[in-house]
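In: coords please:
(one chain, ligands or ions: 2)
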Amino acid sequence: MNYIPIGRARQIGSMLFTLHWFDSIGDASGRAYPYRMETYDGEAQLTAEEPEESEEPEAGEPLPLPVAELHLHIEGTLEPELIFALAERNGIELPYKDLEELRSRYEFTDLQSFLDLYYANMAVLQTEQDFADMTRAYLARAALAGVRHAEIMLDPQAHLSRGVSLETCVNGVASVLAGSREEFGISTLLIAAFLRDLTEESALEVLEQLLAMDAPIAGIGLDSAEVGNPPAKFERLFARAKDAGLHRIAHAGEEGPPSYIIDALDILEVERIDHGIRCMEDPELVERLVDELMPLTVCPLSNVRLRAVDTLAEHPLPAMLAAGLNVCVNSDDPAYFGGYVDDNFAQLQSVIGLSEFDCVRMAANSIRSSFASEERKAELLAELAASGH
Ligand code: ES4
Ligand code: ZN
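Out: Ligands and ions are numbered 1, 2, ... in the order given. From the prediction side, this is the model:
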């Protein structure tokens, strides 16, 4: 089995998320960074303490499983420290006096209570550089989590409605994704996700603009408030995306009923279901999903934090695996839900005793269920086989 020093990994993580966010790139310690902040205006400084874990002696720890992350909202990777740093850089006054007060808001009762904070915090994203910095921070952390391929959702409408242009948000994210393989060893694809609580006309208009600007998107997704906004509302949007040769995914069966999963398959012709956990209420649907090898991008920590399940111990993932469903583990909005994909795996193992065998199986599922090229999938499956897990 391969090992990396635990102290080193933690040290890198802490550098990323605390003191050194906006350090200049010329100093000696800069060389140890997994990435560089390309443009630093020299003003924003963070006050967070370096976590105690970095003081730990270096001990061995297995390398994380190489996985594909297929369910990730880039705006959900905005860590509290970065929210404050970007607010300062952009002269935005936050409605929280400090990190502690912001963190105190991370107690959610349902999807909507999370979405309210998620959209509010996006106010700090103003420039292309902001979107680039957020994306680079995610990739740096994801690399430590074992992510080798990521399909990243962006919510363009959430930025357009704040007066931030499509070019600003798309180019900011895409500029970093373009070099992600070289910089972080992570191949990436961008997915434009549409907000289902807005109209289909709005979504169609934005999709046409994305196509007109030749935005580097691999597919479209459907997210935001699920209940009351069924898949049928977006039939024309998904038909247009199919016509344009784009991949299609949709959140379904997170809070919504199993019928939303069926409609996403039949009406939207999606290739993957995001979440899908409520399929377990409909045995006939489970049978269909198994037969079709339909990928379900499950997000265990998200489901607990948004109270879709009461506790991790009661999460349907083991039953989904036992049913033969094509499930994989994802982080959804890791800055909000208590962890990245490695944290999700770690808690599944420690809290519900998920076996190494099942973890490896889900890592393989994630790679096979991705929209990566067959060549890239083969490369990642070989890496998984050689990983010692
Ligand atoms: C989301 Cl967890 C979740 N569900 C639906 N829409 C979302 N957007 C960001 N995170
Ligand atoms: Zn999601």
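In: what's opposite the closest residue to ligand 1 within the stretch 101-250 of the chain in the beta bridge?
Out: The nearest approach of the stretch 101-250 of the chain to ligand 1 comes at D223, 3.4 Å away (CB to the nearest ligand atom). Where C-beta positions appear, they are placed from N, C-alpha and C, glycine not excepted. When bridges are called by DSSP bridges, D223 pairs up with L195.
In: quick check: it touching L198?
Out: No. Shown here, D223 and L198 do not form a contact pair, counting by CB atoms under 8 Å, at 11.0 Å.
In: which of the three states applies to C328?
Out: At C328, secondary structure determined by DSSP: H, G, I helix; E, B strand; the rest coil is strand.
In: that one: neighbouring residues, count only.
Out: By other CB atoms under 10 Å, 26 other residues sit near C328.
In: give me the element the nearest residue to it once chain neighbours are set aside is part of.
Out: Setting aside the residues directly before and after it, C328 is nearest to S366 in space (CB to CB, 6 or more residues apart in numbering), at 3.7 Å. Secondary structure assignment for S366, by DSSP states H and E: helix 356-368.
In: is the residue in the stretch 1-150 of the chain positioned nearest to ligand 1 bridged to anything, and to what?
Out: As assessed by CB to the nearest ligand atom, ligand 1 sits closest to H73 within the stretch 1-150 of the chain, at 4.1 Å. For H73, the beta-bridge partners are M153 (DSSP bridges).
In: who are the contact partners of R196?
Out: L222, D223, S224, A225, E226, N229, K233, F234, H251 (CB atoms under 8 Å, 6 or more residues apart in numbering).
In: is it true that the residue of the stretch 1-150 of the chain closest to ligand 1 touches D155?
Out: Yes. Contact criterion CB under 8 Å: H73 and D155 qualify, at 6.8 Å.
In: how about the residues of the protein near ligand 1?
Out: H73, G76, L111, Y118, D223, S224, H251, E254, S302, D332, D333 (CB under 6 Å from any ligand atom).
In: and E75, backbone torsions?
Out: The phi/psi pair for E75 (degrees, to the nearest 10) reads phi -70, psi -20.
In: residues contacting it?
Out: E75 touches Y118, N121, M122, L125, M134, L154, D155, A158, D333, counting by CB under 8 Å, 6+ apart.
In: packing partners for the longest helix anywhere in the chain?
Out: Counting by DSSP state H, the longest helix found in the chain is helix 128-144. In this structure, helix 128-144 makes packing contacts with helix 6-17, helix 80-89, strand 147-154, helix 166-177, helix 180-184, judged by 3 or more CB pairs under 8 Å, 6 or more residues apart in numbering; DSSP states H and E.
In: more neighbours: which of H73 and D155?
Out: H73 (26 against 23).
In: circling back to that earlier point, ok, the residue of the stretch 1-150 of the chain closest to ligand 1 to A150 distance?
Out: 12 Å (CB to CB, to the nearest Å).
In: then I277?
Out: Distance, I277 to A150, using CB to CB: 22 Å.
In: what comes into contact with stretch 339-349?
Out: Residues contacting stretch 339-349 (CB under 8 Å, 6+ apart): 64-65, 67, 69, 141-142, 144-147, 299-301, 312, 317, 329-331, 334, 354-356, 359.
In: from the residues you listed, list the buried ones, please.
Out: Buried members of the contacts of stretch 339-349, scored by 16 or more other CB atoms under 10 Å, are 64-65, 67, 69, 141-142, 144-147, 299-301, 312, 317, 329-331, 334, 354, 359.
In: I'd like to check the angle between the helix or strand where D116 lies and helix 80-89, please.
Out: Using DSSP H and E, D116 maps to helix 111-121. Interaxial angle, helix 111-121 versus helix 80-89 (axes from the mean of the first three to the mean of the last three CA atoms, to 10 degrees): 40 degrees.
In: export helix 111-121 as CSV, just CAs?
Out: This file holds the C-alpha atoms of helix 111-121, laid out as CSV (Å, rounded to 0.1, in the frame of the first residue of the first chain):
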residue,chain,number,x,y,z
LEU,A,111,-32.7,22.0,1.2
GLN,A,112,-34.2,25.5,1.0
SER,A,113,-32.6,26.6,4.3
PHE,A,114,-29.2,25.7,2.8
LEU,A,115,-30.0,27.3,-0.6
ASP,A,116,-30.8,30.6,1.1
LEU,A,117,-27.2,30.8,2.5
TYR,A,118,-25.6,29.3,-0.6
TYR,A,119,-27.1,32.0,-2.8
ALA,A,120,-26.4,34.8,-0.3
ASN,A,121,-22.7,33.9,0.0
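In: now do stretch 254-262, average pLDDT.
Out: Averaged across stretch 254-262, the pLDDT comes to 98.
In: that one: end-to-end distance?
Out: With CA to CA, to the nearest Å as the measure, stretch 254-262 spans 13 Å from end to end.
In: one more: stretch 63-80?
Out: Per CA to CA, the first residue of stretch 63-80 is 27 Å away from its last.
In: tell me the domain ranges of this structure?
Out: Under automatic domain parsing, the residue ranges defining each domain of the chain are 3-62, 67-79+106-385.
In: hang on, the earlier thing: compare the contacts of E75 and tell me which has the most neighbours.
Out: Counting by other CB under 10 Å, top hit in the contacts of E75: L125 with 27 neighbours.
In: report the contact partners of E374.
Out: No contacts exist for E374 under CB under 8 Å, 6+ apart.
In: I'd like to know which elements the helix or strand harbouring V286 is packed against.
Out: Assigned by DSSP H and E, V286 belongs to helix 283-291. Packing partners of helix 283-291 (3+ CB pairs under 8 Å, 6+ apart): helix 258-266.
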